[in-house]
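Novice: here's a sequence, model it:
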Amino acid sequence: MTHILTRGPVRVIEPPPPDPRLVRFEELFTCHHDDVLRYFVRRLDIRADAADLVAETFLVAWRRLDDVPKGEILPWLYGVARRVLSNHRRGESRRHGLADRLRDDLRTAVPAPEPVSVEAAEVFQQLSDTDREVLSLAAWEGLDTTQLAAALGCSRNAAMVRLHRARRRLERLLDNTPAGAKS
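Specialist: Reported below is the predicted structural model:
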């Protein structure tokens, strides 16, 4: 009960009566939450998924509260949970199928890198990060000097100079290594 001080006689303001739908849902949730959670935990490997599906189940129950039978509530909730689980599994199957297709596409779209000798890889690692990036963009990604300039954020002439200098530094390093490293 709330008392509000006013001039004159004291008036008592009663809180509004609770929404009967809300009361019914809270009872339904309180009584059956653990049962529905156990239903999902027994059927799923990931406990976080179980919690999410419990929430989905009770969301359906809230939306369809007028359809919830007065007596046998738990079997009705299990029916909803079964359909929620079925939808979840279909979604997982679609996601896994999509991931498999993407992996297959990547295998065919991206060729395996050319084998490189260990010595050549070691020489390449001796270059600065900038030189390695310039050479990689040009050689591995196939960028021309205009595209290279855009990737590096510089003019075309600056990109040509950077590429030329990186190639010269790589040549010098390769000249100072045994003959087998130049592959």
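
Novice: what count of nearby residues applies to His32?
Specialist: Neighbours of His32 under the rule other Cβ atoms under 10 Å: 21. Quick note: C-beta positions are derived from backbone N, CA and C, even for glycine.

Novice: quick one, what contacts it?
Specialist: Applying Cβ atoms under 8 Å, 6 or more residues apart in numbering, we find His32 in contact with 73-74, 77.

Novice: mind redoing it with 6 Å?
Specialist: By Cβ atoms under 6 Å, 6 or more residues apart in numbering, the contact set of His32 is 74, 77.

Novice: mind jotting down where the strands sit in the protein?
Specialist: Under the criterion DSSP state E, the chain carries strands at the ranges 2-4, 11-13.

Novice: between those strands, which has the poorest mean confidence score?
Specialist: Note on the strands of the chain: lowest mean pLDDT is at strand 2-4, with a mean of 56.

Novice: and the residue nearest to the spatial centre of the chain, what's its pLDDT?
Specialist: Centrality entry for the chain: nearest residue to the mean C-alpha point is Arg95, 11.5 Å, by Cα atoms, centre = their mean. Looking at Arg95, its pLDDT is 84.

Novice: and it, how far from Gln126?
Specialist: As judged by Cβ to Cβ, to the nearest Å, Arg95 and Gln126 stand 43 Å apart.

Novice: state which helix of this protein is the longest.
Specialist: helix 73-109 (DSSP state H).

Novice: which helix or strand in this structure has the lowest average pLDDT?
Specialist: Lowest by mean pLDDT, DSSP states H and E among the helices and strands of the chain is strand 2-4, with a mean of 56.

Novice: give me the neighbour count for Ser136.
Specialist: By the criterion of other Cβ under 10 Å, Ser136 has 13 neighbours.

Novice: now do the one 10 residues further on
Specialist: Neighbours of Thr146 under the rule other Cβ under 10 Å: 11.

Novice: now swap in Arg172 and tell me
Specialist: Applying other Cβ under 10 Å, we find 10 residues neighbouring Arg172.

Novice: same deal with Val36?
Specialist: When neighbours are defined as other Cβ under 10 Å, Val36 has 23 of them.
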